[in-house]
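Participant: Below is the sequence, then the predicted model.
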Amino acid sequence: GGVAFLLDVLQPRFARDFDSGLGINHSYLFAEYTYADVDNFGKPGFVLSSRRWMFGLALDY
């Protein structure tokens, strides 16, 4: 699951200049949570499960 915030709404003029100058249509700040349950189908062996948060800046060209 995750959520993203469109940065273009904060400075629409800057967003238009960013698009015409660099070709970046939209920019976002995002937060995403990933849960992976990987346990070799319950059999003995490696358990590669993980839970993590990812944060970042996304650019849409």
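Facilitator: Arrived safely.
Participant: only C-alpha atoms for contact and neighbour calcs from this point on.
Facilitator: OK.
Participant: helices and strands of this structure: which one has the lowest mean pLDDT?
Facilitator: In the chain, the helix or strand scored least confidently by mean pLDDT, DSSP states H and E is helix 12-22, which has a mean of 91.
Participant: Helix, strand or coil: sort out the residue lying farthest from the centre of the chain for me.
Facilitator: In terms of distance from the mean C-alpha position of the chain, P44 ranks first, at 33.6 Å (C-alpha atoms, centre = their mean). Put simply, P44 is coil when judged by DSSP: H, G, I helix; E, B strand; the rest coil.
Participant: Geometric centre of the chain: which residue is closest?
Facilitator: F30 (4.8 Å).
Participant: before we move on, what SS does the nearest residue to F18 once chain neighbours are set aside have?
Facilitator: Distances taken as C-alpha to C-alpha, 6 or more residues apart in numbering place I24 nearest to F18, at 6.0 Å, with adjacent residues excluded. Classification of I24 by three-state DSSP places it in coil.
Participant: Surely I24 and Y61 touch.
Facilitator: Yes: contact criterion C-alpha atoms under 8 Å: I24 and Y61 qualify, at 4.5 Å.
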